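>>> okay, here's the prediction I keep looking at, along with the sequence it came from:
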Amino acid sequence: MLDTGYLIFEMGIIMLVAFIGAGLAARLGQSVIIGYILAGIVIGPYMVVNILGLSYSGIIKDIEFIEQLAHIGLILLLFFVGLEFSVEKLKKTKKPAVILAVINLSINMFAGFCLGMFLGWPLLDTFFLAGVVALSSAAVTAKVLIELKKLGKTETEYLIGMIIIEDFLAILLLTVAGGMLAQNRASPVSILFLLGGILLFILFFAFLALFVIPRVAKHFEKIENEELFVLFALGMVFLASAMAEAFAIPAIIGAFFIGMVFADTSISEKLEKKLLSIRDAFVAIFFISFGMMINPAMFPFIIDIVIIAVPLIILNDILITGALAYLIGFSAKASTSIGTSLIGRGAESVLYASVGSNVQGATKGAYLYPFAGAFCFIMSALAPIFMKKSDQVCQWLKNRLSEPLMYGGKLVSSIIKSMVMPHEYPIYRRNRKLVVVLSIFSFACMMMIVTSGSMHILAFIISVWTLYFFWFTMSDLMGHPTRKANFPHKALNSSEKSKGASFVTNMITGALVSIALVAFVWPYLWWMSIVILLGYLVYTIQSMKAIHRHLVLKKGKKRLALKIDTHPKALKDPWKHRSRMYDRKNGGM
């Protein structure tokens, strides 16, 4: 056990180094998180430098106590994240933000899983590696948006809402999937027990949010003594965290949910104001301790992972998420701006790395720590560059897309836009069916990935059934949006519009079929999932060429044929008329 004098010395060094690291990072235009992590590396026990006979081996040797303080910082950090995620904000978050958040998180998690399987990592470590590469940083994005004066842009509201939803989904994913993998619960009975515990945990906090806290919050607001209020707030946070541990759920999840419970109350602002300084101090300790756990000697072993992950995630965010933003109704420039704004990585990625390195059964923690530090540093440095150049990136992509692909994208966007984007027509009333169906489908796909045997087959059957129902429901819902859509090619009759609607329905259904097949084959041959997605890409390109040929090129030929047929008729009719008049004058028939 450390003596008191050395413990005080360690705390003093940590606070001073945190101040220096944050100041340097801010001076260089980077997130303070990067400064904290680098400072932690410098003073950590793994830093060993030998220069001209002089050696340096770090200042902090025993970090056990520091890790406990860091855990408190992580709990407070997640409490404040939950405090920002209120039900009212969720209601204001538009449908496009929810769709983009789900798709972006899914695509990047899939890319992380492929990376982990390619490296030969166990499934548990692969899950946390995927979390590190998948989660965008709200802090980095907001900081650059303010610097570029883009907060007033139309797409910014959706972007911020998207990142909030993505953080929430990441926490749920960490709770459910992480719990299954960490405890090796692959049997149907144990999975049901785990899901039942999580459901009870969520229902308990829902009960607090709906019935208890709104009625007692006004009494808490009357606490005028700041010391008493801070003690009450910290007590609630740590008790909620302990309750989560009792349900075999990470303590940080309890802190997140208790933050959500207080988010819509009248004391949320007071909580944030009174606990902000305490949070900042402990969060700094968390990131410093994270840096201490990074062994610089491991950097040569993770360079190849960084070299693969950085361009992979940049392409995912800009090309795939940007393209999806365009397909659901955003303009080309706004879509590219959304894609480039998602590149930054920060606290969310560090969270997954920290939990993944300490969870029972993890074997790649020594690699995960340095990878997360290097990856976050590079992505946070690249984010401002891409965000500033988003218009140039948009123009570069436009110049390289063929006409059929441009037309197909505009056709999909014109129909989906009227269903997804805020619109004056009441076309959302029957979409609840789709929400239920897609929720069941998503759950079935997740079960296929983490289960085997009979449960795996059952989940696949459920996904097939939901896809069958989805196709019929989507076909039925397409009527009104198709009639109201502003098609890129104006001269379309009702039959051709119907073909355009079928094209969009088949494209969306095909994407879901690909997802189901990927989830089904993943436990057996993970690389087959890439083949399936490449097959869907080929199908998409060919479908766009076919619809362009049918609605644009063939229509042009039809107009040319009409001109050729009309010309001789214009000459024939007057001649026939004159010949009859001539016969009558000469006494003929």
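That came through, no problem.

>>> where do the strands sit along the stretch 51-200 of the chain?
With DSSP state E, counting those that start in this stretch applied, the stretch 51-200 of the chain shows strands at 54-56, listed in chain order.

>>> so where is it shaky, pLDDT-wise?
Per-residue confidence of the stretch 51-200 of the chain (counting by pLDDT under 70) places the weak regions at 85-94, 151-152, 176-195.

>>> again, 90 this time
51-103, 106, 122-125, 127, 135-200 (pLDDT under 90).

>>> likewise for the stretch 451-589 of the chain?
451-456, 468-506, 523-526, 547-589.

>>> swap the cut-off to 50 and go again
556-582, 588-589 (pLDDT under 50).

>>> now do the helices in it.
454-477, 479-484, 494-521, 527-548, 554-585 (DSSP state H, counting those that start in this stretch).

>>> how is this structure carved up into domains?
In terms of domains, the chain is parsed into 4-56, 69-319+329-385, 401-557 (source: automatic domain parsing).

>>> mind checking how far the shortest one is from the chain centre?
Averaged C-alpha coordinates place domain 4-56 at 32 Å from its chain's average position (C-alpha atoms, centre = their mean, to the nearest Å).

>>> any idea which of the domains of the chain is most buried?
Of these, the one with the most neighbours on average (mean count of other C-beta atoms under 10 Å) is domain 69-319+329-385, at a mean of 19. All C-beta spots, glycine's among them, are computed from the backbone N, C-alpha and C.

>>> nearest residue to the middle of this structure?
Centroid-nearest residue in the chain: Leu105, 2.9 Å away (criterion: C-alpha atoms, centre = their mean).

>>> I'd say it and Phe168 touch.
No: using C-beta atoms under 8 Å, Leu105 is not in contact with Phe168; the gap is 10.1 Å.

>>> Met406: what's it in contact with?
Lys398 (C-beta atoms under 8 Å, 6 or more residues apart in numbering).

>>> could you do the one 3 residues further on as well?
Gly409 is in contact with 323, 326-327, 401, 544, counting by C-beta under 8 Å, 6+ apart.

>>> go with 7 Å
326-327 (C-beta atoms under 7 Å, 6 or more residues apart in numbering).

>>> if I look at it, how far off is Val98?
Distance from Gly409 to Val98, counting by C-beta to C-beta, to the nearest Å: 21 Å.

>>> do Tyr524 as well
From Tyr524 over to Val98 (counting by C-beta to C-beta), the distance is 32 Å.

>>> skip the chain neighbours and tell me the closest residue to Glu10.
When the adjacent residues along the chain are set aside, Glu10 lies closest to Ile60, with 5.7 Å between them (C-beta to C-beta, 6 or more residues apart in numbering).

>>> is it true that that neighbour touches Pro45?
Yes: shown here, Ile60 and Pro45 form a contact pair, counting by C-beta atoms under 7 Å, at 6.3 Å.

>>> got any residues that touch both of those two?
Common neighbours of Ile60 and Pro45 (criterion: C-beta under 7 Å, 6+ apart): Met292.

>>> could you point out the helix or strand that follows whichever strand or helix holds Ala353?
Ala353 is part of helix 347-358 when elements are defined by DSSP states H and E. Taking DSSP H and E as the definition, the helix or strand that follows helix 347-358 towards the C-terminus is helix 365-388.

>>> who does the helix holding Ala353 touch, helix- and strand-wise?
Using 3 or more C-beta pairs under 7 Å, 6 or more residues apart in numbering; DSSP states H and E as the contact criterion, the secondary-structure elements in contact with helix 347-358 are helix 123-134, helix 154-182, helix 268-292, helix 365-388.

>>> turn the ones you listed into JSON lines, columns for distance to Gly40.
Rendered in JSON lines, the data for those read as follows (distance: least, C-beta to C-beta, whole Å):
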{"stretch": "helix 123-134", "distance to Gly40": "17"}
{"stretch": "helix 154-182", "distance to Gly40": "23"}
{"stretch": "helix 268-292", "distance to Gly40": "2"}
{"stretch": "helix 365-388", "distance to Gly40": "9"}
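
>>> any idea how far Leu467 is from the residue lying closest to Ala511 once chain neighbours are set aside?
Using C-beta to C-beta, 6+ apart and skipping the chain neighbours, the partner closest in space to Ala511 is Tyr536 (6.7 Å). Relative to Leu467, Tyr536 is positioned 14 Å away (C-beta to C-beta).

>>> kindly report the same for Lys417.
The span separating Lys417 from Leu467 equals 24 Å under the rule C-beta to C-beta.

>>> now swap in Ala139 and tell me
Here the distance between Ala139 and Leu467 works out to 38 Å (C-beta to C-beta).

>>> I'd guessed Met117 sits against Thr126; true?
Yes: here Met117 reaches Thr126: they are 6.2 Å apart, a contact under C-beta under 7 Å.

>>> the helix holding Ala353 vs helix 365-388, what angle?
Our comparison of helix 347-358 with helix 365-388, counting by axes from the mean of the first three to the mean of the last three C-alpha atoms, to 10 degrees, yields an angle of 170 degrees.

>>> list the contacts of helix 347-358.
Residues contacting helix 347-358 (C-beta under 7 Å, 6+ apart): 33, 74, 77, 125, 128, 131-132, 135, 137, 139, 167, 170, 174, 250, 287, 290, 362, 365, 368-369, 372, 375-376.

>>> before we move on, what about stretch 69-78?
Contact with stretch 69-78 is made by 237, 241, 251-252, 255-256, 278-279, 282-283, 285-286, 289, 347, 354, as judged by C-beta under 7 Å, 6+ apart.

>>> just those residues now: which is nearest Ala444?
Taking C-beta to C-beta as the measure, Ala444 lies nearest Phe256 of those, at 25.9 Å.

>>> need the phi and psi values for the closest one.
When quoted as degrees, to the nearest 10, the phi and psi of Phe256 stand at phi -60, psi -50.

>>> repeat for the one 10 residues further on
Reported as degrees, to the nearest 10, the phi and psi values for Ser266 are phi -70, psi -10.

>>> give the contact list for it.
The neighbourhood of Ser266, defined by C-beta under 7 Å, 6+ apart, consists of 217-218, 221.
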